[in-house]
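S.K.: dropping the sequence and predicted coords here.
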Amino acid sequence: VQLVESGGALVQPGGSLRLSCAASGFSLGHHSIVWFRQAPGKGREGVSCIVTTDNSTYYADSVKGRFTISMDTGKNIVYLQMTNLKPEDTAVYYCSAFSLRTGRTSWGQGTQVTVSS
């Protein structure tokens, strides 16, 4: 049972990135998948969430209109498309998967996003 994030990089302000959260050993169906981020010296912030039973989505006000969360059921991957990136988006981004059936939560190891000119 594993979650692996990828796609983090150094990007200029105004740029875009797509983060991936790939699950192995379990299906992301019937889960709530949350992308969190943690900037240096700051607490962990919930960025976006998708509930895979009905594909309902939620966004923090700080990213609304710029980030889009989605799921590829066939690939068992949740994506976070990030556009119009700002320096304040710089953080380590983590995904977590909360099972709506078992209550179990799985975490990934994180991927670094740096927005800087």
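M.R.: Yes, it's here. Residues are numbered from 1 along each chain as shown.

S.K.: distance between stretch 42-61 and the chain's centre?
M.R.: 8 Å (Cα atoms, centre = their mean, to the nearest Å).

S.K.: same thing with stretch 64-75?
M.R.: 9 Å.

S.K.: what's the helix or strand for the residue nearest the centre of the chain?
M.R.: The centroid of the chain falls nearest to Trp35 when counting by Cα atoms, centre = their mean (3.2 Å). Using DSSP states H and E, Trp35 maps to strand 31-38.

S.K.: mind listing what the next helix or strand after that strand pairs with, with the direction of each?
M.R.: Remark: after strand 31-38, the chain's next helix or strand is strand 44-51, criterion DSSP H and E. Sheet pairing of strand 44-51 (DSSP bridges) gives strand 31-38 (antiparallel), strand 56-59 (antiparallel).

S.K.: who does the residue nearest to the centre of the chain form a beta bridge with?
M.R.: Ser48, Cys95.
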